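Engineer: Below: sequence and its predicted model.
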Amino acid sequence: MTLKEWLAAKRMSVSQFAERIERSPQAVRRYVNGDRIPDRDTMPLIVQATRGKVMPNDFFRVSAKAQKDAA
């Protein structure tokens, strides 16, 4: 699930999520739009805040099929 999809499902704004993970709304907006991949300090915060619904691979647009095929 992408961060954009998760935010929509939870009806949460970028600003609200940014506050939750203690990052700027501008940074979160870049993650949502695919302009930037979260750094190694931010990624665990996103995974934790979304309770594992948004995972690191979701930012790399790796499909579930591709993950399975690689295993």
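Structural biologist: Noted; the coordinates are in hand.
Engineer: Under the pLDDT cut-off, which ranges of this structure? List them.
Structural biologist: 62-71 (pLDDT under 70).
Engineer: where along it do the helices fall?
Structural biologist: Using DSSP state H, the helices of the chain run over 3-10, 14-21, 25-33, 43-49, 64-70.
Engineer: mind putting those helices in a markdown table, distance to residue 56 and mean neighbour count included?
Structural biologist: C-betas here are computed from N, CA, C, even on glycine. Below are the helices of the chain laid out as a markdown table (distance: least, C-beta to C-beta, whole Å; neighbours: other C-beta atoms under 10 Å):
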| stretch | distance to residue 56 | mean neighbour count |
| --- | --- | --- |
| helix 3-10 | 11 | 15 |
| helix 14-21 | 14 | 16 |
| helix 25-33 | 12 | 17 |
| helix 43-49 | 5 | 16 |
| helix 64-70 | 11 | 9 |
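Engineer: which non-adjacent residue is nearest residue 22?
Structural biologist: Ranked by C-beta to C-beta, 6 or more residues apart in numbering and with sequence neighbours excluded, the top spatial neighbour of residue 22 is residue 45, at 7.4 Å.
Engineer: pretty sure that neighbour contacts residue 21?
Structural biologist: Yes - counting by C-beta atoms under 8 Å, residue 45 touches residue 21, with 4.2 Å between them.
Engineer: quick one, what contacts the residue nearest to residue 22?
Structural biologist: 21-23, 38 (C-beta atoms under 8 Å, 6 or more residues apart in numbering).
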